[in-house]
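S.K.: what follows is a predicted protein model with its sequence.
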Amino acid sequence: MDQKLPQLFDTIVCDRDFPELSLEQSSMGTIIECHGEEAYEVEFSDDAGVPTLTTVITLRNAVLEWRDSDQTWILKDFSAALKKAFQSLEVRRQNFVDAYVAETVLPKDITIFIDAWSETHLPHYRSLREVLGMTQQEFELWESNQALLPKILEARQKNIGLASIP
């Protein structure tokens, strides 16, 4: 039997408070866009139906459970990896590069920090560049060629300029 996947216009209800999203238990949202079978844009609204938050929820970072009785998805929790990234960003005020230099994350964890930016509410960070902790030059290099991430991280870890890294 195939596992049910979220569909356009399905309802999502929060099973608990999600301060990361500024949502309370029983907050309701509607899937307004599907990005393949992995990511869903969800619009949450207040009791009057006024939209309050639009966010992306991915199946790799969210624990969604289908409830047949009322044809609703229940947002139960976030993955441990997303919680760790959120903890670094919001509690420790440690962006991705700082967390890497402190040896608390690996280069591959950049995707989790990107997800934390796109899937949660991070009021202290105005841009993805700030979440990643990159200078404008580093961010532009990384955007143009993500394979340069190890060089960017090495330069930061050694506290030297990018030009010094072969």
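M.R.: Noted; the coordinates are in hand.
S.K.: so where is this protein shaky, pLDDT-wise?
M.R.: 1-3 (pLDDT under 70).
S.K.: which residues in it form helices?
M.R.: 80-86, 96-101, 110-119, 128-132, 136-144, 149-158 (DSSP state H).
S.K.: quick one: the strands in the protein?
M.R.: Using DSSP state E, the strands of the chain run over residues 11-14, 28-35, 39-45, 51-58, 62-67, 72-78.
S.K.: and the shortest one, C-alpha only, in PDB?
M.R.: This file holds the C-alpha atoms of strand 11-14, laid out as PDB (Å, rounded to 0.1, in the frame of the first residue of the first chain):
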ATOM      1  CA  THR A  11      -5.300  21.000   5.800                       C
ATOM      2  CA  ILE A  12      -2.500  20.900   8.300                       C
ATOM      3  CA  VAL A  13      -3.200  21.400  12.100                       C
ATOM      4  CA  CYS A  14      -0.500  21.900  14.700                       C
END
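S.K.: which residues are contacting that strand?
M.R.: 6, 23-31, 42, 57, 64, 71-75 (CB atoms under 8 Å, 6 or more residues apart in numbering). Where you see a C-beta, it was placed from the backbone N, CA and C, and this is true even at glycine.
S.K.: from those, list the buried ones, please.
M.R.: With burial judged by 16 or more other CB atoms under 10 Å, the buried subset of the contacts of strand 11-14 is 6, 23, 27-29, 31, 42, 57, 64, 73-75.
S.K.: out of these, who's nearest Val131?
M.R.: Closest approach between the buried ones among the contacts of strand 11-14 and Val131, by CB to CB: Ile57, at 17.7 Å.
S.K.: so who does that closest one touch?
M.R.: Ile57 is in contact with 12, 39-40, 42, 64, 75, 119, counting by CB under 8 Å, 6+ apart.
S.K.: bridged to it, which residues?
M.R.: Tyr40 (DSSP bridges).
S.K.: so it versus Ile12, what's the distance?
M.R.: As judged by CB to CB, to the nearest Å, Ile57 and Ile12 stand 7 Å apart.
S.K.: same question for Ala80.
M.R.: Distance from Ala80 to Ile12, by CB to CB: 21 Å.
S.K.: likewise Gln87?
M.R.: As for Gln87, its distance to Ile12 is 24 Å (criterion: CB to CB).
S.K.: neighbour-wise, which of those two wins?
M.R.: Ile12 (21 against 14; other CB atoms under 10 Å).
S.K.: hey, what's that one bridged with?
M.R.: Beta-bridge partners recorded for Ile12 (DSSP bridges): Gly29, Trp73.
S.K.: what's the domain layout of this protein?
M.R.: Under automatic domain parsing, the residue ranges defining each domain of the chain are 11-78, 80-161.
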